[in-house]
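In: this is the structure alone, sequence omitted:
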């Protein structure tokens, strides 16, 4: 049994402001080296209207890439983890 903790953030809103707030929170967690929870134990689950924010042309696309590069895993609910550059 693993004793490692993780963080899961579930985003369903199609509102840009909600997405931006979630991104800020996730990136702040991923960038904070003082946290005992590393980025590779963080998961972002996206479904519903929020899926549109995973497009390359979407608001916050650079932040999504930064998050993925930091090790945060992105998952569209009900599907395998998304592969990002």
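Out: Thanks, I have it. Only a predicted model underlies this, so the values are computations on that prediction, with no experimental measurement involved. Residues are numbered from 1 along each chain as shown.

In: all helices for this structure, in order.
Out: 16-31, 61-70 (DSSP state H).

In: which one of those lies closest to residue 77?
Out: Ranking the helices of the chain by proximity to residue 77 (CB to CB) places helix 16-31 first, at 14.5 Å. Just so you know, the C-beta spots here come from the backbone N, C-alpha and C atoms, and that holds for glycine as well.

In: contacting residues for residue 58?
Out: 52, 64 (CB atoms under 8 Å, 6 or more residues apart in numbering).

In: mind checking how far it is from residue 5?
Out: Relative to residue 5, residue 58 is positioned 30 Å away (CB to CB, to the nearest Å).

In: likewise residue 62?
Out: 28 Å.

In: thinking again about what came up before, and the helices of the chain as JSON lines, adding distance to residue 9 and mean neighbour count?
Out: Converted to JSON lines, those look like this (distance: least, CB to CB, whole Å; neighbours: other CB atoms under 10 Å):
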{"stretch": "helix 16-31", "distance to residue 9": "6", "mean neighbour count": "16"}
{"stretch": "helix 61-70", "distance to residue 9": "10", "mean neighbour count": "16"}
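
In: make CSV from those and add distance to residue 50 and mean pLDDT to it.
Out: Below are the helices of the chain laid out as CSV (distance: least, CB to CB, whole Å; pLDDT from 0 to 100):
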stretch, distance to residue 50, mean pLDDT
helix 16-31, 6, 88
helix 61-70, 11, 86
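
In: out of those helices, which gets nearest to residue 40?
Out: Using CB to CB, the helices of the chain put helix 61-70 closest to residue 40, at 8.3 Å.

In: contacting residues for the closest residue to residue 22 other than its chain neighbours?
Out: Spatially, and ignoring its direct neighbours in sequence, residue 22 is nearest to residue 11 (5.1 Å; CB to CB, 6 or more residues apart in numbering). The neighbours of residue 11, taking CB under 8 Å, 6+ apart as the test, are 18-19, 22, 44-47, 50, 53.

In: ok, of those residues, which one's closest to residue 74?
Out: Distances from residue 74 to the contacts of residue 11, taken by CB to CB, are shortest for residue 44, at 5.1 Å.
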